[in-house]
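>>> I would like to see how this sequence folds:
(one chain, ligands or ions: 2)
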Amino acid sequence: MTLPATGLLTSDHQEPITIPAKSGGCGCDSSATVEMDAKLKERIDKHPCYSEDAHHHYARMHVAVAPACNIQCNYCNRKFDCANESRPGVVSELLTPEEAAHKVLVIAGKIPQMTVLGIAGPGDPLANPEKTFRTFELIADQAPDIKLCLSTNGLMLTEHIDRIKQLNIDHVTITFNTIDPEIGAQIYSWVHYKRKRYRGIEGAKILLEKQIEGLQALKEADILCKVNSVMIPGINDQHLVEVNKFIREQGAFLHNIMPLISAPEHGTHFGLTGQRGPTNKELKTVQDSCAGNMKMMRHCRQCRADAVGLLGEDRSQEFTKDKFLEMSPEYNLEQRATVHEGIEKFKAELKAAKEKAVETLDVTPLPNSPKVLVAVATKGSGLVNQHFGHAKEFQIYEVEGKEVRFVSHRKIDHYCQGGFGESATLEYIIKAIADCKAVLVSKIGNCPKEELHKAGIQTVEAYDVIEKVALEFYEQYLKELGNRD
Ligand code: CLF
Ligand code: SF4
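Ligands and ions are numbered 1, 2, ... in the order given. All right, here's what the predicted structure looks like:
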């Protein structure tokens, strides 16, 4: 079939691009509700980005070995990390493949729950193929239980698909911001392909054609493909539902719609021209409208190109170059397997506790029972286990009937500032979670508790499974609603 609406052309810019017929390949569910087969489950069970459940327990790390890029996105400043897979911020320390391999082996010992090595920048990994593949090669040789993961703009994906297959890289992300070159021309300022620089619609068409080819090549190779899309209000926000439908038909496994991060101090085109990012509500609305179509990722933290740890935590400062080069690799396959077994056992216990919480729920929710958002302070492991004052982010869950769904996270400045600026921080926190009915924490002081109550946010103190605490709150909430009626 051809996509007439987008008027895509091939790289010689003469013929319309032929879009292959619908596909359910790539291990992708034909509907978001279909049970995953066991084999697919095994492929994503320990990947914190591909499985929301895994992100509470398993960590990933990135190594910054890929400085160059072959396109220019209007939300990126080359002096900073790649905005596709990392927030603009500080420049990462660049590593050689050998330094990167050393770092991975050190961290694999110190953080045995680290199961995935991703290469995501600071430029595009496939614009730096020697460094990227040499790094993967060293890790595949020396740390066989670590999954390899790659994130690319897609321009050079087909050129390297054989190498990707050969190295058993089972997870590849492509950033697809649009399937319309006219929109693409507003997002990409140039594309460098086969020694030539293309601008405007011409460049956007080449990129799109290569991305589509790349997605098809991944499907044929049975490699799990996640698609990232940066949501840019006024440019591609209305169009992302179409992108979602398209990538699903092409066999993508997961879609991650991320908010544009844009500020003048980042020095990006969008930052300097005042392009804003979406609000939490706008982002959720688009994610919700795609959710019936395919699996959506909502737990992305837009990590740095040198991120280390669980998705919500950043331990990169513990492993700066001067530090990790002094450390000895402690990689131990058996020890890691034992830790992973322990995590799996703990996950089974959590699952049982969640099921029990649902069974014992005392309120029978009516079809029109309200959806309620709650903010959770957690250090991971699927538990409410963090003090309000120590939270740097809240995980937001939506409770509806007996369902508890993770919907997003909200970054905040943590409240305990050693006595400085706490009231200003609290005001900011209250604003960030104003749409939530409760905050679930292991502990909270009287002063913030009172302020939250004044703002209509209840506080629940507990140290237990997130879903269980959320359901108990919901049960209480419905009872109170009933009493008021
Ligand atoms: Fe890294 Fe990306 Fe692999 Fe994950 S991140 S290369 S798929 S291991 Fe994950 Fe970070 Fe979001 Fe990326 S939370 S920015 S989606
Ligand atoms: Fe920047 Fe990544 Fe876009 Fe390249 S692909 S311009 S590094 S955001």
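>>> which residues of the stretch 201-350 of the chain fall in strands?
Under the criterion DSSP state E, counting those that start in this stretch, strands of the stretch 201-350 of the chain are mapped to 224-231, 254-259, 296-297, 308-309.
>>> between these, which one is nearest to residue 65?
strand 308-309 (14.5 Å; Cβ to Cβ). For the C-beta atoms, the positions are set from N, CA and C on the backbone; glycine is no exception.
>>> wondering if stretch 153-162 reaches ligand 1 at all.
No - between stretch 153-162 and ligand 1, judged by Cβ under 6 Å from any ligand atom, nothing touches; the nearest distance is 12.7 Å.
>>> buried residues in that stretch?
Residues of stretch 153-162 classed as buried: 153-158, 160-161 (neighbour count, 16 or more other Cβ atoms under 10 Å).
>>> got it, and stretch 208-228?
Applying 16+ other Cβ under 10 Å to stretch 208-228 flags 208-219, 221, 223-228 as buried.
>>> same question for stretch 432-447.
Result for stretch 432-447 [16+ other Cβ under 10 Å]: buried residues 432-433, 436-442, 444.
>>> any chance of these in CSV, with pLDDT too?
Listed next are the buried residues of stretch 432-447 as CSV, based on pLDDT from 0 to 100:
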residue, pLDDT
432, 90
433, 92
436, 94
437, 96
438, 96
439, 96
440, 97
441, 96
442, 95
444, 94
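>>> what kind of secondary structure is residue 173 in?
Assigned with DSSP: H, G, I helix; E, B strand; the rest coil, residue 173 falls in the strand class.
>>> with adjacent residues omitted, what lies nearest to residue 93?
Using Cβ to Cβ, 6 or more residues apart in numbering and skipping the chain neighbours, the partner closest in space to residue 93 is residue 321 (4.8 Å).
>>> start and end of stretch 246-255, how far apart?
11 Å (Cα to Cα, to the nearest Å).
>>> quick check: mean pLDDT across that stretch?
Regarding stretch 246-255, the rounded mean pLDDT is 94.
>>> and for stretch 49-65?
Averaged across stretch 49-65, the pLDDT comes to 94.
>>> so residue 62 sits right up against residue 303, yeah?
Yes - using Cβ atoms under 8 Å, residue 62 is in contact with residue 303, at 6.7 Å.
>>> the two: which is more packed in?
A direct count of neighbours by other Cβ atoms under 10 Å for residue 62 and residue 303 places residue 62 higher, at 27 against 24.
>>> list the contacts for that one?
Residue 62 sits next to 85-86, 117-121, 303-308 when contact means Cβ atoms under 8 Å, 6 or more residues apart in numbering.
>>> and these, which are buried?
Here, 16+ other Cβ under 10 Å leaves 85-86, 117-121, 303-308 buried among the contacts of residue 62.
>>> gap between residue 374 and residue 238?
30 Å (Cβ to Cβ, to the nearest Å).
>>> more neighbours, these two?
For residue 374 versus residue 238, the count of surrounding residues by other Cβ under 10 Å is larger for residue 374: 27 against 11.
>>> tell me which residues touch that one, please.
396-397, 399, 436-440, 470, 473.
>>> shouldn't it be within a helix?
No - under three-state DSSP, residue 374 sits outside any helix and is assigned strand.
>>> that one and residue 54, how far apart?
Residue 374 is 22 Å from residue 54, by Cβ to Cβ.
>>> again with residue 70
For residue 70, the distance to residue 54 - Cβ to Cβ - is 31 Å.
>>> compare the two (neighbour count), which wins?
Taking other Cβ under 10 Å, residue 70 and residue 54 do not tie; residue 54 has more neighbours (23 against 19).
>>> wait, that one touches residue 41, no?
No - between residue 54 and residue 41 there is no contact under Cβ under 8 Å: 10.5 Å.
>>> what is the least confident helix or strand in this structure?
helix 422-432 (a mean of 81; mean pLDDT, DSSP states H and E).
>>> between it and strand 372-376, how many degrees?
Helix 422-432 runs at 140 degrees relative to strand 372-376, counting by axes from the mean of the first three to the mean of the last three Cα atoms, to 10 degrees.
>>> so what does the helix or strand following helix 422-432 touch, helix or strand wise?
The helix or strand immediately downstream of helix 422-432 is strand 438-441, counting by DSSP states H and E. Applying 3 or more Cβ pairs under 8 Å, 6 or more residues apart in numbering; DSSP states H and E, one finds that strand 438-441 contacts strand 372-376, strand 458-461, helix 466-484.
>>> from those, which stretch is densest packed?
Across these, averaging neighbours per residue (mean count of other Cβ atoms under 10 Å) puts strand 372-376 on top, at a mean of 24.
>>> check the residue nearest the centre of the chain and give its pLDDT.
Centroid-nearest residue in the chain: residue 300, 2.2 Å away (criterion: Cα atoms, centre = their mean). Per-residue pLDDT puts residue 300 at 93.
>>> quick one, what contacts it?
Contacts of residue 300 (Cβ under 8 Å, 6+ apart): 49, 228, 256, 258, 311.
>>> I'd assumed residue 175 was in contact with the second one.
Okay, so that is residue 228. Yes - the pair residue 228 / residue 175 is scored as a contact, 4.6 Å apart, by Cβ under 8 Å.
>>> what does the stretch 101-250 of the chain put close to ligand 2?
Checking the stretch 101-250 of the chain against ligand 2 by Cβ under 6 Å from any ligand atom, the hits are 121, 123-124, 153.
>>> immediately after the helix or strand harbouring residue 136, which helix or strand?
Here residue 136 is covered by helix 129-142, with elements defined by DSSP H and E. Counting by DSSP H and E, the next helix or strand C-terminal to helix 129-142 is strand 147-152.
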